[in-house]
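>>> When you get a sec, could you give me coordinates for this:
(one chain, ligands or ions: 1)
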Amino acid sequence: MNRIGVLTSGGDAPGMNAAIRAVVRSGLYYGKEMIGVKYGFQGLLDKNIEKMRAGSVGSIIQRGGTILQSYMSEDISTDAGQEKAIDNMKELEIDALIVIGGREAMKTAESLSEKNFPCVGIPAVIDNNIPGVEESIGFDTALNTVIDYIDRIRDTASSHEKTSIIEVMGKDTGILALWSGLAGGAENILIPEKKEDVEGIVERIKRGEGREKRYSIIIVAEGTVSGNDLTVKLKQDAGIDSRLTVLGHTQRGGAPSARDRVLASRLGAYAIDLLINHKFGKVVQIRNNKPVSMNFKEIFSQASLIDDEMYDLSERLSL
Ligand code: F6P
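Model (predicted):
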């Protein structure tokens, strides 16, 4: 194995650059030729690549986003697209591929592996919603960004005695919302995995008022109900006047936290170790403070991602 490709796919996540740096520098350390693929899987279809040197990844460990760019390619989800990508990699003499990204990226890497192309996946997505993966790169930074905003909004909500709704990303999952709601002391956390009706939310707000709490923070995961619809419903059904903040893409940007930089550095290096040892078709992660790998199949056979104990705790602490 001489040439190793690396790409980033899906929504960018803080720490992707640190992972690219670790992959490139570890590959070079073992004397491999390192190839950056631009615009995610689309770059494989367009043969859009560049040779990476140690200097190509200088001064990026602290930068959010991805220097390789990201893109959602529809063509790569088809058999024909995947076969073309593999043919192109063969033509470009790329012997193995490291895929940095979220759930969809891991699925595509799995498909390429099933077609016998050596792939290793590095989980990187702010949603932290890859089954079987405890922590993906970018989650910690996004969580801290959300908490920073909750704290700011709490200052103004408490001054004006208002209910504040904060819409948090997470696609169809509520992990980011649950963690940020718990860490930010939110009174209500609405996530797709645990349906709650408006009555329940109102009851909680009223309960707070009963003990002279004059403002309330509601965290709503984007996959539950839109913050806008909830704002309207609270007004219509209960006469509650609230203010909405949709955090949107602010959650994806920014310098990666120290934790994400370390996670990305360890996973990037470990992905190369696996390839060097001819271990393919795997996703890497840290468990019990040690890098480990699992087959793509094992990852996707895991179920529910929400920690019920944590959800119950958030309810208990927001009496
Ligand atoms: O998967 C990361 C993520 O930021 C999700 O939380 C969100 O639903 C989605 O990407 C937004 O994607 P886009 O920027 O393409 O709208």
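>>> Which stretches in the stretch 51-200 of the chain count as strands?
96-101, 119-123, 163-168, 188-190 (DSSP state E, counting those that start in this stretch).
>>> The stretch 201-319 of the chain too?
Assigned by DSSP E, counting those that start in this stretch, the stretch 201-319 of the chain shows strands spanning 216-221, 242-246, 282-287, 290-295.
>>> quick one: contacts of the first one?
Translated: strand 216-221. Strand 216-221 has contacts (CB atoms under 8 Å, 6 or more residues apart in numbering) with 150, 153-154, 157, 163-170, 173-174, 176-178, 180-181, 184-192, 201, 204-205, 208, 227, 230, 242. (Glycine included, C-beta is placed from N, CA and C.)
>>> strand partners of it, parallel vs antiparallel please.
strand 163-168 (parallel), strand 188-190 (parallel) (DSSP bridges).
>>> how about the ones you listed in JSON lines, adding distance to residue 39 and mean pLDDT?
Below are these laid out as JSON lines (distance: least, CB to CB, whole Å; pLDDT from 0 to 100):
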{"stretch": "strand 163-168", "distance to residue 39": "28", "mean pLDDT": "97"}
{"stretch": "strand 188-190", "distance to residue 39": "35", "mean pLDDT": "95"}
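>>> Select, out of those, the one closest to the ligand.
Ranking the strands paired with strand 216-221 by proximity to the ligand (CB to the nearest ligand atom) places strand 163-168 first, at 8.5 Å.
>>> Now for the spatially most central residue of the chain: which residues touch it?
When CA atoms, centre = their mean is applied to the chain, the residue found nearest the centroid is residue 125 (1.7 Å). With contact set as CB under 8 Å, 6+ apart, residue 125 has these partners: 10-11, 13, 101-103, 136-139.
>>> Report pLDDT for it.
With respect to pLDDT, residue 125 scores 98.
>>> likewise residue 249?
For residue 249, the pLDDT comes out at 98.
>>> cool, and residue 116?
98.
>>> That one - how many residues pack around it?
Neighbour count for residue 116, taken as other CB atoms under 10 Å: 10.
>>> So that it lines up with my notes, have the first residue be 2 from now on.
Yep, numbering from 2; the last one is residue 117 now.
>>> and it, what are its phi and psi?
Main-chain torsions, residue 117, degrees, to the nearest 10: phi 70, psi 30.
>>> The ligand contacts on the stretch 202-320 of the chain?
With CB under 6 Å from any ligand atom as the criterion, the stretch 202-320 of the chain meets the ligand at residues 223, 253.
>>> separation between the closest residue to residue 297 other than its chain neighbours and residue 295?
Excluding the flanking residues, the one nearest residue 297 by CB to CB, 6 or more residues apart in numbering is residue 111, at 3.6 Å. Using CB to CB, to the nearest Å, residue 111 is found at 11 Å from residue 295.
>>> Now do the same contact list for the nearest residue to residue 292 once chain neighbours are set aside.
Excluding the flanking residues, the one nearest residue 292 by CB to CB, 6+ apart is residue 271, at 3.9 Å. The contact partners of residue 271, taken as CB under 8 Å, 6+ apart, are 285, 292, 294.
>>> number of nearby residues for the residue in the stretch 152-301 of the chain that the ligand sits nearest to?
Minimum separation of the stretch 152-301 of the chain from the ligand (CB to the nearest ligand atom) falls at residue 170, amounting to 3.3 Å. The number of residues packed around residue 170, counting by other CB under 10 Å, is 22.
>>> so it touches residue 248, yeah?
Yes - contact criterion CB atoms under 8 Å: residue 170 and residue 248 qualify, at 7.1 Å.
>>> Give me the contact list for stretch 293-303.
Contacts for stretch 293-303 (CB under 8 Å, 6+ apart): 107-108, 110-111, 114, 121-122, 131-134, 271, 275, 280, 282-287.
>>> Of those residues, just the buried ones, ChimeraX syntax please.
A single ChimeraX command suffices to select whichever of the contacts of stretch 293-303 are buried according to 16 or more other CB atoms under 10 Å:
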select :107,108,110,111,114,121,122,131,133,134,271,275,282,283,284,285,286,287
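>>> where exactly do the helices run in the protein?
17-30, 41-47, 80-92, 104-115, 140-161, 176-184, 199-211, 228-239, 259-277, 297-301, 309-318 (DSSP state H).
>>> Buried residues in the fifth one, which are they?
What it means is helix 140-161. For helix 140-161, a neighbour-count test (16+ other CB under 10 Å) marks 140-148, 150-151, 154-155, 158 as buried.
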